[in-house]
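Enquirer: Here you go, sequence then predicted model.
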Protein chains: 2
Amino acid sequence: MGKVTCDMAISVDGFVAGPNQGPDAPFGEGVGESLHRWMFEEPEANAAELKQLNDAGAFIMGRNMFGPGRGEWDLDWTGWWGPEPPYHRAVFVLTHHERATLEMAGGTTFHFVTGGIIEALERAQAAAGDQTVAIAGGAATVNQFLTAGLVDELRLHIAPVLLGRGERLFEGVDRTDLTQVGVRYTGLVTHLRYVITYDGDTERRRKADQADTSRPPGSTPG
Amino acid sequence: MGKVTCDMAISVDGFVAGPNQGPDAPFGEGVGESLHRWMFEEPEANAAELKQLNDAGAFIMGRNMFGPGRGEWDLDWTGWWGPEPPYHRAVFVLTHHERATLEMAGGTTFHFVTGGIIEALERAQAAAGDQTVAIAGGAATVNQFLTAGLVDELRLHIAPVLLGRGERLFEGVDRTDLTQVGVRYTGLVTHLRYVITYDGDTERRRKADQADTSRPPGSTPG
C-alpha cells in the first residue's frame, strides 16, 4: 500500500487560505496569488515540487476545495478546474450530500464520499494500488487526517507572507513529532518535507477510528 | 541606526512556547527541549545561528521572558540565566511595574521599562548605537513589535514538531509581505530569514504610535 502524502502551500503564519472563500475568491479574501506566486512566476525553479503535487495514484479533498457551494449540490458545478482537471486520477471528495460520480476529460473522476475520512482513504488506497494517496486539502480536511494519524509525509510550501487570518493548518492537531527529510528554497518559496512516524499501525488505526466516529467528515457544512 | 531583528525558535504549527509557563517549565507545558534540540544537540552545525542569536548591541524582551513572576516584583528574581546571563549588553524588559536597574556579571544590565514598546526601542537604540537591536521574545512582545511595523529582519528557527497549543507567534499581526533572504537546514532545524519592508519610516512610525497608545506594553499582566 502506498504512503499518504499531503502538499500544502502555506503562509509563514500558518494559513492555507483566507476567510470567506467564494466564487470570486477561491483562496479567500486578501490572499490573491500570495501563496502561489512560486507556481506561476518560478515554474522552472519549482518543477520538481510542481510535478510531485499531482503525482499520486488517487486524491482526497474536502468539499470546500472542490467548490464554493454548501448544502445540496448544484449539479452544474464540476469543480474549479474546468473540463480537464489536473488530477488525471480518481479524486474522492468528502461531503455530507450524496452525488453521482463525475467523469471528467483527461482521466479525472470525482467520487463523492459521505462515509467519512476512513471510507475515503480505503477507497482511495484501493484506487491507487501501491501508489501514493495525496490529501489535497483544504485545511479542515488535512487537519482531520493529521489528527487521525493518517499522514505519512507532509510537504509544506511556505510563501513569504503573513496573512493574518483565514483557514489555519494544524488547528486542533495535537502534539506530533516530525522528522525533517529535506528543504529546498527557490526565492519565492521554501519547500519543507517532514515524515510522521506513528506508534505502529494499530495505534494509528485506533486514532483514526476515534476520529471517524467522533465528528463528521469536514468541520464545515459541506 | 542599527536594524531591528528578531530570532525565534518555533514549532511547525507556529508556537514558541507551550501553555502555563512557570518555574518548572520555562518554555511551558509539553515543550521540553523540542524547540531547542538544535541548540543542544547540534551546536557546531548551528554555530552561525547561535552566534547571531546573541550578537546585538541591545536586547528587548517581555517580562514573561525575564521570569515567571507577575504583578509586583520579587526582587530576588534576577532572570532565568543565573549570575552571568548570555546577553553581555543592555537588556530592556517591558513591564508595568517599576524596578531599579539590575547589573549582572559579564556586562548584562537589565533595565525595566514601563513606558511601552516605543520607549523600550528608543532606549535600546540609544544603547546599541549603530548595532542591531534584537527583540528577544516572547511571542506577545514580538507580536507587538511586528504589529507596530518595527521589525526589519525576522529569523525563524523551525523545529520539527507540532505542539498543538501554547504561545502563538503572529497572533493578531495583520497581513504583511516578507522578502525571503535565506534558508539553511541542519537536520534538527530549518533557519529561515525574512526581511520586512514597510512603506517608509513615516508610515512605520505612525503605526508604532498607534500601537503604543492603544494598548499596554504586553498583553499579559506583567
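Expert: Arrived safely.

Enquirer: all helices of chain A, in order?
Expert: A:37-41, A:47-53, A:63-66, A:117-128, A:139-147, A:200-214 (DSSP state H).

Enquirer: To A:T5, which of those helices lies closest?
Expert: A:T5 sits nearest to helix A:47-53 of all the helices of chain A, at 8.3 Å, using C-beta to C-beta. Quick note: C-beta positions are derived from backbone N, CA and C, even for glycine.

Enquirer: May I see the buried residues of stretch A:62-80?
Expert: A:G62, A:R63, A:N64, A:M65, A:F66, A:G67, A:P68, A:G69, A:W73, A:T78, A:G79 (16 or more other C-beta atoms under 10 Å in any protein chain shown).

Enquirer: so what's the fourth one up against?
Expert: Remark: with contacts taken as C-beta atoms under 8 Å, 6 or more residues apart in numbering or on different chains, A:M65 is in contact with A:A136, A:G137, A:G138, A:T141.

Enquirer: mind putting the residues you listed in a markdown table, distance to A:H111 included?
Expert: Below are the contacts of A:M65 laid out as a markdown table (distance: C-beta to C-beta, whole Å):
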| residue | distance to A:H111 |
| --- | --- |
| A:A136 | 13 |
| A:G137 | 17 |
| A:G138 | 18 |
| A:T141 | 15 |
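
Enquirer: Could you identify the most distant pair in the buried residues of stretch A:62-80?
Expert: A:G62 and A:T78 (16.5 Å).

Enquirer: Contact residues of chain A facing chain B?
Expert: Applying C-beta under 8 Å from any C-beta of the partner chain, we find that chain A lies next to chain B at A:12-14, A:30, A:34, A:146, A:156, A:158, A:160-164, A:169-170, A:173-180, A:182-183, A:185, A:187-188, A:190, A:192, A:194.

Enquirer: Please indicate which of those residues are buried?
Expert: The buried subset of the residues of chain A next to chain B (16+ other C-beta under 10 Å) comprises A:12-14, A:30, A:34, A:146, A:156, A:158, A:160-164, A:169-170, A:173, A:175-176, A:178, A:180, A:183, A:185, A:188, A:190, A:192, A:194.

Enquirer: Okay, now the unreliable bits of chain A?
Expert: A:199-222 (pLDDT under 70).

Enquirer: any idea which strand is longest in chain A?
Expert: strand A:176-185 (DSSP state E).

Enquirer: Partner strands of it, with direction?
Expert: According to DSSP bridges, strand A:176-185 has the following sheet partners: strand A:190-196 (antiparallel), strand B:161-162 (antiparallel).

Enquirer: Any chance of CSV for those, columns distance to A:Q52?
Expert: Output for the strands paired with strand A:176-185, formatted as CSV (distance: least, C-beta to C-beta, whole Å):
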stretch, distance to A:Q52
strand A:190-196, 9
strand B:161-162, 22
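
Enquirer: Point out the one among these that comes closest to B:T95.
Expert: Minimum separation from B:T95 across the strands paired with strand A:176-185 (C-beta to C-beta) falls at strand B:161-162, 30.6 Å.

Enquirer: hmm, who's touching the closest one?
Expert: A:146, A:170, A:173-178, B:11-13, B:34-35.
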